[in-house]
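Participant: Build me a model from this:
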Amino acid sequence: MSAVPPFPALHGERFRLRAFTDADQAAVFRALSHPEVIRYYGVSYATLEATREQMEWFERIRRESSGIWWAICRPEAPEDIIGGCGFNNWQHEHRRLELGYWLLPEHRGQGVMGECLPLIFRHAFRDMNVHRIEAEVESENLASGRLLLRQGFTLEGRRRECEVKDGVFLSLDYYGLLNPAAESRP
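Facilitator: Residues are numbered from 1 along each chain as shown. Next up is the predicted model:
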């Protein structure tokens with residue numbers, strides 16, 4: 001198996017995207033146990049210890065080349081995580097992957113994802129040879145849908161009542177973004 005290349009740290013005007021480290025486990029737990037973060041997010045943890053699974057997942061998907069996730073922080077405080085964004089379910093043969101992201105509530109409405117998502121999209125299209133980025137969003141998550149549309153995604157459809165969460169059926173909206181610089185042929 002080939003060696004994993006160095007982690008691609010990305011920099012915007014106001015935010016830095018870096019690899020998650022073991023030191024971030026408490027911050028990840030804070031986010032992925034926060035009711036406002038997990039309301040529309042598919043992963044949550046009840047204890048700090050259980051969050052170790054998430055930290056190992058960040059490492060595993062990168063090592064297996066099935067995805068990559070970045071910790072979002074401010075350059076002046078790189079140890080303070082305010083969110084996370086990245087890709088998983090990378091299907092190399094089809095040159096597509098799935099987008100995910102979360103942000104601590106006190107940082108919402110500040111343009112964090114509006115600055116950070118284009119950085120990872122550029123990396124995916126230019127450096128990962130991706131042609132298509134996909135996102136599944138709970139239909140009730142209107143803010144996330146608006147964010148994706150502002151980022152150039154197309155709403156491609158809705159799968160009605162296709163998953164059960166907390167004993168209730170929910171619908172998922174599907175969004176897609178194609179590499180604007182790529183030809184449609186493989």
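Participant: same question for the longest helix belonging to the chain, mean pLDDT?
Facilitator: When the chain is parsed with DSSP state H, its longest helix is helix 112-127. The average pLDDT within helix 112-127 is 96.
Participant: what about dumping the CA coordinates of that helix to CSV?
Facilitator: Provided in CSV are the C-alpha atoms of helix 112-127 (Å, rounded to 0.1, in the frame of the first residue of the first chain):
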residue,chain,number,x,y,z
VAL,A,112,-17.4,30.5,8.1
MET,A,113,-18.7,27.8,5.6
GLY,A,114,-19.0,30.4,2.9
GLU,A,115,-15.3,30.9,3.1
CYS,A,116,-14.2,27.3,3.9
LEU,A,117,-16.3,25.2,1.6
PRO,A,118,-14.8,26.8,-1.6
LEU,A,119,-11.3,25.9,-0.3
ILE,A,120,-12.1,22.2,0.0
PHE,A,121,-14.1,22.2,-3.3
ARG,A,122,-11.1,23.6,-5.1
HIS,A,123,-8.9,21.0,-3.5
ALA,A,124,-11.2,18.2,-4.5
PHE,A,125,-11.5,19.3,-8.1
ARG,A,126,-7.9,20.3,-8.6
ASP,A,127,-5.9,17.9,-6.4
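Participant: Direction included, what does the helix or strand that comes right after that helix pair against?
Facilitator: Later in the chain than helix 112-127, the nearest helix or strand by DSSP states H and E is strand 132-138. Sheet pairing for strand 132-138, assigned by DSSP bridges, gives strand 96-103 (parallel), strand 168-178 (antiparallel).
Participant: Comparing those, which stretch has the densest surroundings?
Facilitator: Highest mean neighbour count of the strands paired with strand 132-138: strand 96-103, a mean of 20 (counted as mean count of other C-beta atoms under 10 Å). C-beta here means a position set from N, CA and C on the backbone, and glycine is covered the same way.
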